[in-house]
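Peer 1: next comes the sequence, and after it the predicted model I'd like to discuss.
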Amino acid sequence: MDLSTEYMGLVLRNPLVASASPLSYTVDGVRRLADAGVGAIVLFSLFEEQLRKEAALTARLVDQTSESFPEALDYLPAVAMEDAGLRRYLNLLERAAGTVEVPVIASLNGVTPEGWTDHARAMQEAGAAAIELNIYYLPGDPHTSGRDVEQRHIEILQRVKSAVTVPVAVKLSPYFSSIGEVALRLDEAGADALVLFNRLLQPDIDPEQLAVSSAVALSSTADGRLPRTWIALLRGRVRAALAATGGVEDPTDVAKHLLAGADVVMTASALLRRGPEYAGTLLDGLSTWMERKGFATVGELRGMLSVPAGADETEYARTGYVSALRAANARAQGPW
Ligand SMILES: Cc1cc2nc3c(=O)[nH]c(=O)nc-3n(C[C@H](O)[C@H](O)[C@H](O)COP(=O)(O)O)c2cc1C
């Protein structure tokens, strides 16, 4: 069984990628993911905002200390404070990339234009095989126009592309009026891959504590449907590679994303729930399914169930919707 594949020009031993999560917080965590068999690893995101908060906190602490020990400032100059978090991330990246055989992709969530470009450049220098832009942007100001949000994505991509030579992927949120057009624009602006979709933190309310809670929920199989729908529509319509992220719980979910047209299938929740070694189970299951269906390579099945070239996409989406409703109705009425 040949599971080898290509993603943004990177040659991977298989299409299963560990997506950004706390499992890559340490070199040991990265090694466990690689040992479990994944084709590539995306490190957790470097958040520029977090670096700034940490630096501000340290500055305040040093300020308080320096009232009694003025020399404390000499030990912790401002620049060093700002860079400490960044250096931690780059150090991990460098060691991870030097330890495992599979490509290590760095993930970046910037705030300022320089934050995006400087950090991306530093990631490349530290050994990132590629950079994934985690453009986690929730336009909280209700006056922000949709076009502005889209333009922001394009500009970030263009800036980073001009700063690095390694491939650049864009991890998108699903909250655009026309995801297809945004995907085409990013493709045109040079995205090497589109990662569909980011899950934005959706705060909840705890009625007992009368407080807002912000825990990140793990996904379930049903979460795979939205990325799969868009991957099936975009397959063959963009030059960029397509990565599915969301809803991989068992090997059939991996197969479904590939059939829709994903170049690679990412997984986080399943590995967090069951441990990194579960990647091996996903891969074994994929091979078994391929064998049963008579596929010898991933290339033979990839995109088999994507929206065919030349099809009227609008009609296709409508028809798909109508037939899904019909199937749901039939199920609701049941055989009784
Ligand atoms: C605990 C946790 C932490 C995550 N951290 C990041 C992150 O740092 N950067 C990022 O781009 N995505 C992050 N994600 C999102 C995942 O990479 C992934 O895209 C999402 O969970 C959907 O995939 P899944 O259904 O396989 O979990 C995180 C997800 C979880 C559950």
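Peer 2: Yep, that arrived. Numbers count the residues shown, from 1 in each chain.
Peer 1: let me know the secondary structure of Ile154.
Peer 2: helix (DSSP: H, G, I helix; E, B strand; the rest coil).
Peer 1: how about the residues of the stretch 151-300 of the chain near the ligand?
Peer 2: 171, 198-199, 216, 218-219, 223, 245-248, 267-270, 272 (Cβ under 6 Å from any ligand atom). Placement of C-beta: from N, CA and C, glycine included.
Peer 1: helices and strands around the longest strand anywhere in the chain, which ones?
Peer 2: For the chain, the strand that runs over the most residues, judged by DSSP state E, is strand 40-47. Applying 3 or more Cβ pairs under 8 Å, 6 or more residues apart in numbering; DSSP states H and E, we find strand 40-47 packed against strand 16-18, helix 27-35, helix 78-99, strand 104-109.
Peer 1: which of the residues of the stretch 151-300 of the chain next to the ligand are buried?
Peer 2: With burial judged by 16 or more other Cβ atoms under 10 Å, the buried subset of these is 171, 198-199, 219, 223, 245-248, 267-270, 272.
Peer 1: nearest to Thr144, of those?
Peer 2: Asn198 (17.8 Å; Cβ to Cβ).
Peer 1: pLDDT score for Asp204?
Peer 2: Looking at Asp204, its pLDDT reads 85.
Peer 1: again, but for Arg185
Peer 2: Per the predicted model, pLDDT is 98 at Arg185.
Peer 1: burial of it, as a residue count?
Peer 2: 16 (other Cβ atoms under 10 Å).
Peer 1: what of the one 10 residues further on?
Peer 2: Residues contacting Val195 under the criterion other Cβ under 10 Å number 30.
Peer 1: Ala311 now?
Peer 2: By other Cβ under 10 Å, neighbour count at Ala311 equals 12.
Peer 1: mind checking how far it is from Arg235?
Peer 2: 11 Å (Cβ to Cβ, to the nearest Å).
Peer 1: is the ligand within reach of the longest strand of the chain?
Peer 2: Yes: residues of strand 40-47 are located near the ligand by Cβ under 6 Å from any ligand atom, namely 44-45.
Peer 1: just want the angle from that strand to helix 78-99.
Peer 2: 170 degrees (axes from the mean of the first three to the mean of the last three Cα atoms, to 10 degrees).
Peer 1: least confident of the residues of the stretch 151-300 of the chain next to the ligand?
Peer 2: Val216 (76).
Peer 1: and the closest residue to Arg239 other than its chain neighbours, how many neighbours does it have?
Peer 2: Once flanking residues are discounted, Arg239 sits nearest to Asp187: 5.7 Å by Cβ to Cβ, 6 or more residues apart in numbering. Per other Cβ under 10 Å, the neighbour tally for Asp187 reads 18.
Peer 1: equivalent analysis for Gly280, please.
Peer 2: 14.
Peer 1: that one against Leu33, yeah?
Peer 2: No: the criterion here is Cβ atoms under 8 Å, and Gly280 misses it with Leu33 at 10.5 Å.
Peer 1: how about the residue in the stretch 101-250 of the chain that the ligand sits nearest to, what does it touch?
Peer 2: With Cβ to the nearest ligand atom as the measure, Ser219 is the residue of the stretch 101-250 of the chain nearest to the ligand, at 3.2 Å. For Ser219, the contact set (Cβ atoms under 8 Å, 6 or more residues apart in numbering) comprises 199, 246-247, 268-269.
Peer 1: what's the closest of these to Ala122?
Peer 2: Ala268 (24.3 Å).
Peer 1: list the contacts for the closest residue to the closest one other than its chain neighbours?
Peer 2: With Cβ to Cβ, 6+ apart as the criterion, Ala268 has its nearest non-adjacent residue at 4.1 Å, and that residue is Ser21. Contact partners of Ser21, counting by Cβ under 8 Å, 6+ apart, are 44, 268, 271-272.
Peer 1: roughly how far does Ser21 sit from Leu33?
Peer 2: 10 Å.
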